[in-house]
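Novice: Fold the following.
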Amino acid sequence: MSIFDDDFYSTKVSRRTVRQSRQEDSRFPYRSGERKWSNVRIAFISSFTSAVAATLIFGAVFGGFGSAPGGGGGMGGSTPSGLVATGDPSERAINAAAKVSPAVVSIINEQLFGFGLGGQKLEDDAKEGEGILREAGVGSGVIIKKKDGKAYIVTNYHVVAGAQKVRAVLTNGEIREASVVGEDQITDLAVLAIDDKGIDTVAEVGDSSALRKAEFVMAIGNPLGLGESITMGVVSVIEEVVPVSLNQNGVIDWEQEVIRVDAAINQGNSGGPLIDLNGRVVGINSMKIADFGVESIGYAIPINKAMPVLEELMAQGFVSRPYLGVYTLDLQQYWRQQDMGDLGDLFGEDPEGWLGEEEGSGSGAEDSEGAAEQGKDGEEPDGGEGEAGGTSSDLKLPDNVLAGVIVLEAVGPALKAGLQFNDVIVDFDGHAIGTTMELRKYLYSKKKIGDSIEISYYRDGELKKTKLKLGESVAEE
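Specialist: Presented below is the predicted three-dimensional model:
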């Protein structure tokens, strides 16, 4: 008998023990927690799990399963009738364009031209019998509202500026007469109205503050008058401030907050909608940088900035702003004119011939009476070039005054406060004012109608101050 003959230490298993173990396994087959999986079952479970994971990831990336409410790139909102919701970006773009396109119109600006071949454009105050109406420009617009039998179209101010007659071309080719409800040069926005008969689609207004960098957007319009066009790109900059020449004369007299996109915005796209992949309007196409070596840089007015202006235009036809009542020329521009005049004298030529329209037009091109009716500040009346050019011997300033705004004419509140021709404004309420743009920005962003303002200015080399109460801008007659 060996030391391992005892069953407790022996490695041998008795037959009775084996039978008991098999009986327990048959009653509790998974008691040990170890399942026996076949290769086929393992492959099936792995494939199913991978498919579910891929579907979830695709939906999260492309928005197929929705997104946060109000998100610019999500699938918020209901799907239009006849369109199919999908996570495919190309299908989303097709659906978005189909949703908005019926609300996009072409705008035709007609102005008076002289009779005969090569007839030149007549002045804005010319009567219809003095010439013939011809197409002077084309643009785009989008219908955003229907009320009381009218459909309201949003477009750019510069699309309809100077028009004697405006026409809107619907997507079915029908041409309708349009009336200008209101326009605002400062924001480059205008509202038109047409008969709403047969118009069933109104564009949905989105939320431009929800846009994200690299988000896909589409610009819809009528570029170059060739018919409807849709271009697609991404948001490059959500909020960018760009300098603007309101009168398109090369003089920078305003700044505009815009969305920068790389979708092509060509001539004629102005006034059309910038939409997201939900088919919501997030901007109004406005400008394009067209320079050598610069491609695909377009700008749109954020719809959140535009809507308050548009509501005011639809309500009263103009935007109420504080009104000072001065027509101005930037002091730095005046010095440039003097330098050009010295060069003209040096070469024996008329200084005004050197100045040309760009330099001589100052910060505005409205005539004195018309601008006074509009209540616009910072514009130069007709004849401003000659008056400004003749001030060299009259304009007296200390040597340390290098920036300011020359008063060419004072009307309204400014006239009542005693401001005169050749006064040089340098300060509003303790804030330095060096350009017409700074003058406008201070009035429109810091002041309200009826507020008091203290103006510091130079007259004959002496610093003076005056206080006045700001008036209200009025609509152009």
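
Novice: Can you tell me the closest non-neighbouring residue to V166?
Specialist: A178 (4.4 Å; Cβ to Cβ, 6 or more residues apart in numbering). (Each C-beta comes from the backbone N, C-alpha and C, glycine too.)

Novice: Can you report how many residues neighbour the one you found?
Specialist: For A178, the tally of surrounding residues (other Cβ atoms under 10 Å) stands at 24.

Novice: again with the one 3 residues further on
Specialist: The number of residues packed near V181 is 18, by other Cβ under 10 Å.

Novice: Quick check: which element contains it?
Specialist: strand 175-184 (DSSP states H and E).

Novice: packing partners for the next helix-or-strand element following that strand?
Specialist: Where DSSP H and E defines the elements, the next helix or strand beyond strand 175-184 is strand 189-195. Strand 189-195 makes packing contacts with strand 150-155, helix 157-160, strand 165-169, strand 175-184, helix 303-316 when contacts are defined by 3 or more Cβ pairs under 8 Å, 6 or more residues apart in numbering; DSSP states H and E.

Novice: Okay, now the unreliable bits of this structure?
Specialist: 1-44, 52, 54-87, 116-118, 120, 122-129, 223-225, 288-296, 341-394, 475-477 (pLDDT under 70).

Novice: Helices of that one, residue ranges please.
Specialist: 15-27, 39-62, 89-100, 157-160, 303-316, 331-346, 351-360, 368-374, 384-389, 412-416, 436-446 (DSSP state H).

Novice: Show me what the shortest one is packed against.
Specialist: Yep, that's helix 157-160 we're talking about. Helix 157-160 packs on strand 104-113, strand 132-147, strand 175-184, strand 189-195, going by 3+ Cβ pairs under 8 Å, 6+ apart.

Novice: Now tabulate those in a markdown table and tack on distance to G268.
Specialist: Rendered in a markdown table, the data for the helices and strands packed on helix 157-160 read as follows (distance: least, Cβ to Cβ, whole Å):
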| stretch | distance to G268 |
| --- | --- |
| strand 104-113 | 8 |
| strand 132-147 | 5 |
| strand 175-184 | 16 |
| strand 189-195 | 16 |
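
Novice: Select, out of these, the one closest to A414.
Specialist: Closest to A414 of the helices and strands packed on helix 157-160 is strand 175-184 (Cβ to Cβ; 21.9 Å).

Novice: Now do that closest one: everything it contacts.
Specialist: 107-108, 152-153, 157, 160-161, 163, 165-170, 189-195, 309, 312-314, 316-319, 475 (Cβ atoms under 8 Å, 6 or more residues apart in numbering).

Novice: Drop anything exposed from these.
Specialist: Taking 16 or more other Cβ atoms under 10 Å as the criterion, what is buried in the contacts of strand 175-184 is 107-108, 152-153, 157, 160-161, 163, 166-170, 189-194, 309, 312-314, 318-319.

Novice: which residues in the stretch 151-300 of the chain form strands?
Specialist: With DSSP state E, counting those that start in this stretch, the ranges of strands along the stretch 151-300 of the chain come out as 165-169, 175-184, 189-195, 204-205, 216-221, 229-244, 254-261, 273-276, 280-288, 298-302.

Novice: in stretch 408-420, what counts as buried?
Specialist: Buried, per 16+ other Cβ under 10 Å, within stretch 408-420: L408, E409, A410, V411, G412, P413, A414, A417, L419.

Novice: Once you drop chain neighbours, what's closest to the fifth one?
Specialist: Beyond its immediate neighbours in the sequence, the residue positioned closest to G412 (Cβ to Cβ, 6+ apart) is G325, lying 3.2 Å away.

Novice: thought that neighbour was touching G418?
Specialist: No. Under the criterion of Cβ atoms under 8 Å, G325 makes no contact with G418, lying 12.0 Å away.

Novice: between those two, what contacts are shared?
Specialist: Counting by Cβ under 8 Å, 6+ apart, nothing touches both G325 and G418.

Novice: Count the neighbours of S286 for me.
Specialist: For S286, the number of neighbouring residues by other Cβ under 10 Å comes to 28.

Novice: I'd guessed V319 sits against T187; true?
Specialist: Yes. With contact defined as Cβ under 8 Å, V319 and T187 form a contacting pair (7.5 Å).

Novice: Quickly list what's touching both of those two.
Specialist: By Cβ under 8 Å, 6+ apart, V319 and T187 have these common neighbours: V309.

Novice: Same question for stretch 106-120: list its buried residues.
Specialist: Residues S106, I107, I108, N109, E110, Q111, L112, F113 are the ones in stretch 106-120 that count as buried (16+ other Cβ under 10 Å).

Novice: Please apply the same query to stretch 400-410.
Specialist: Using 16+ other Cβ under 10 Å as the test for burial, stretch 400-410 gives G404, V405, I406, V407, L408, E409, A410.

Novice: Only alpha carbons, please: show that stretch as PDB.
Specialist: Presented in PDB, the C-alpha positions along stretch 400-410 are these (Å, rounded to 0.1, in the frame of the first residue of the first chain):
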ATOM      1  CA  ASN A 400      -1.600 118.300 -34.000                       C
ATOM      2  CA  VAL A 401      -5.100 117.800 -35.400                       C
ATOM      3  CA  LEU A 402      -4.600 115.100 -38.100                       C
ATOM      4  CA  ALA A 403      -8.000 113.400 -38.100                       C
ATOM      5  CA  GLY A 404     -11.600 114.700 -38.000                       C
ATOM      6  CA  VAL A 405     -14.700 115.300 -40.100                       C
ATOM      7  CA  ILE A 406     -15.200 118.500 -42.100                       C
ATOM      8  CA  VAL A 407     -18.700 119.800 -42.200                       C
ATOM      9  CA  LEU A 408     -19.700 120.700 -45.700                       C
ATOM     10  CA  GLU A 409     -23.200 121.500 -44.900                       C
ATOM     11  CA  ALA A 410     -25.300 121.600 -41.700                       C
END
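
Novice: List the buried residues for stretch 458-466?
Specialist: Using 16+ other Cβ under 10 Å as the test for burial, stretch 458-466 gives Y458, R459.
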